[in-house]
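1. Return a 3D structure for these sequence lines:
(2 chains)
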Number of protein chains: 2
Amino acid sequence: MRMMIIGAAGMVGRKLTQRLLAGHADVVTPTELILYDMFDAPAPDTDLPCTILSGNIADKAESEKLAAFHPDVIFHLASIVSGEAEVEFDKGWQINAHGGWQLLEALRAQHDASGGTYRAKVIFTSSIAVFGPPFPDAIDDDFLCAPQTSYGAQKAMVELLLADYSRKGFVDGMSIRLPTVCVRPGKPNLAASSFFSGIIREPLNGVEALLPVSDEVRHWHASPRSAAGFLTHAAGLDFNRLEGRRSLNMPGLSCTVAEQIEALRSLAGEKVVSLIKPQADEHIIKIVAGWPRNFTAARATALGFSSEKSFTDIIKVYLDDDFEGTL
Amino acid sequence: MRMMIIGAAGMVGRKLTQRLLAGHADVVTPTELILYDMFDAPAPDTDLPCTILSGNIADKAESEKLAAFHPDVIFHLASIVSGEAEVEFDKGWQINAHGGWQLLEALRAQHDASGGTYRAKVIFTSSIAVFGPPFPDAIDDDFLCAPQTSYGAQKAMVELLLADYSRKGFVDGMSIRLPTVCVRPGKPNLAASSFFSGIIREPLNGVEALLPVSDEVRHWHASPRSAAGFLTHAAGLDFNRLEGRRSLNMPGLSCTVAEQIEALRSLAGEKVVSLIKPQADEHIIKIVAGWPRNFTAARATALGFSSEKSFTDIIKVYLDDDFEGTL
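-> Predicted structure coming up:
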């Protein structure tokens, strides 16, 4: 299996690379890797053939270059994040939406040039930002997409394209609607959701963290390990089982910020929790108010996708996989 | 009100032009008309300033030319039909989807160039083809878009774009998901739904009509008069009432082909009905099987959109507005 990760240098891309190479019994493993991003992804520790490339996915020639590799599986993770897409309207639509369309066009051209024999399996990371309020208590698998951010609209658009290019047989695609990935390792990013990780990660590392929203805010989370797991599980899934509905809400954990903080307190104590500093940010509050809080994820669960059952488990994944300090 | 109709030469475009000029009390009337299509629309019978233009809406320069008129209201009706979009993949995505995106980009450029004072009201004709099976008994206003035709995917994509460009304030838009428009006057077209009108229109005019599907097929209909009425009603509607969900299922009538035929029999007699000739067409059967059959249309009804209550009424609209023969 020649596997390509577009967006390989990002956090989920690196977790995915590691997971593909870790030799889990349930993971379809690559025989060759192609890692692409805006800048070079770190070289993974592997003896497999591994090509590392960088460029701007909004350029048509880049998509054509990538499609010419004829990857068996393409994980398309590249996008600018929600906060940036909201401020940089053109950039968001060019990279997140038009970039995805160009990639599909390039793959269709390769499909046609091969006489129809080449058909890439394309796994696209979408987001729960495709949904907009008002919400039911738990969003089911038949709920409409009514995004209230440009980022969500861009993800929903690529979902539509991927489904239609798949229906026509040019590619074989699936969109994975990721929960908010938490606890993200590393530094805060421009995503409006960045604080959900920050209020756990920073205090664990002895650093103050701002909480820009009320602790009553409820949200939908999965760990980076689960996010990578959704993608590797998708790589091994027969997409005929999706029965023409190729966008799937992933399982996750619904909890409030207060419950996040309680889990942190139970694992790390009061002193760590005291590093969380409430400081309202109206811009973040407004964006987050438009985000969903809970899902049934019934179809994904039936298809074998799984994630953590408590926020304590989510923090433990961070401590196991990414934490470099001592508690 | 300077009003522009893109797709003015088509059947709904011509009905809309007539309705805008007819002086109904409930219709926001134009002071100037700009009619655009692939070929020149017929000149309407009016003393108002009326500009008739033709071109290819897939060309970026055309969208820029149209936006430069600064219409107060734009009805965007132009598209290739479902059957053609299914066969002509490139043409469908270029005209139906990319054409709509370019129009929004051109309107955003005019908005920006005006210092934000120019903001067109954009009314886009979408379709129930944005939905895909399996369906509930009646589709409600929260049901997902899962199109199973390229045409449906293209309409859903422009809906997403229009909603986001509107949310950002570049335009003020709404998508009208039309039921199948029936009874269409004139000749059959390439739409897979063409036969729904053909089996009524052709027999009334003494001509045989092929019925390519089972008479148990249930579908969702509104007359051309209602379709034009949805658009003029939208022109007078405050889109803030849409509360951020700018795509709306229009009201219609759910009935089977057998019920259509029964209504024809009641109005025109057995001899006319005998001109309907069943002849299965697997291509049409497959497309139509993926189409919805019934809706609640609760939000649209609450916002004052209305349509016929029986298929007999739908045939009567055809007899009143378009039929040139004698029964």
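
2. Can you list the residue ranges for strands in chain A?
-> A:2-6, A:32-37, A:50-54, A:73-76, A:121-127, A:172-178, A:180-181, A:209-211, A:218-222, A:247-249, A:253-256, A:276-278 (DSSP state E).

3. And the ones you listed: which comes nearest chain B?
-> strand A:247-249 (7.9 Å; CB to the nearest CB). (Glycine included, C-beta is placed from N, CA and C.)

4. what ranges do the helices span in chain A?
-> For chain A, the helices defined by DSSP state H occupy A:11-21, A:60-67, A:82-87, A:89-92, A:99-113, A:150-167, A:194-204, A:224-235, A:257-268, A:270-273, A:282-289, A:298-302, A:311-321.

5. per-residue confidence averaged over the first one?
-> Helix A:11-21 carries an average pLDDT of 96.

6. Same question for the second one.
-> Computed over helix A:60-67, the mean pLDDT rounds to 98.

7. Tell me if it is near chain B.
-> No: judged by CB under 8 Å from any CB of the partner chain, helix A:60-67 and chain B are separated, with a smallest distance of 13.6 Å.

8. what's the angle between that helix and strand A:2-6?
-> Here the directions of helix A:60-67 and strand A:2-6 differ by 150 degrees (axes from the mean of the first three to the mean of the last three CA atoms, to 10 degrees).

9. thought A:Tyr36 was touching A:Ser54?
-> Yes: the pair A:Tyr36 / A:Ser54 is scored as a contact, 6.9 Å apart, by CB atoms under 8 Å.

10. Looking at the two now, which is surrounded by more residues?
-> A:Tyr36 (27 against 14; other CB atoms under 10 Å in any protein chain shown).

11. what's across from the more buried one in the sheet?
-> Residues in a beta bridge with A:Tyr36, per DSSP bridges, are A:Ile6, A:Leu53.

12. closest to B:His98 out of the helices of chain A?
-> helix A:99-113 (8.8 Å; CB to CB).

13. Please compute how far the closest one lies from its chain's middle.
-> For helix A:99-113, the gap between its own C-alpha mean and the chain's C-alpha mean amounts to 22 Å (CA atoms, centre = their mean, to the nearest Å).

14. CA atoms only for it, dumped as CSV, please.
-> Extracted as CSV, the C-alpha positions of helix A:99-113 are listed here (Å, rounded to 0.1, in the frame of the first residue of the first chain):
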residue,chain,number,x,y,z
GLY,A,99,-7.6,22.9,-2.8
GLY,A,100,-9.7,19.9,-2.1
TRP,A,101,-11.5,20.3,-5.4
GLN,A,102,-8.3,20.5,-7.3
LEU,A,103,-7.0,17.4,-5.7
LEU,A,104,-10.1,15.5,-6.7
GLU,A,105,-9.8,16.8,-10.2
ALA,A,106,-6.2,15.7,-10.4
LEU,A,107,-7.1,12.2,-9.1
ARG,A,108,-9.9,12.0,-11.7
ALA,A,109,-7.5,12.9,-14.4
GLN,A,110,-5.2,10.1,-13.3
HIS,A,111,-8.2,7.7,-13.1
ASP,A,112,-9.2,8.6,-16.6
ALA,A,113,-5.6,8.4,-17.9
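
15. Outside of it itself, which residues are in contact with it?
-> A:6, A:57-58, A:60, A:63-64, A:66-68, A:70, A:74, A:76, A:78, A:118-120, A:122, A:124, A:154, A:157-158, A:161-162, A:165, A:169-171 (CB atoms under 8 Å, 6 or more residues apart in numbering or on different chains).
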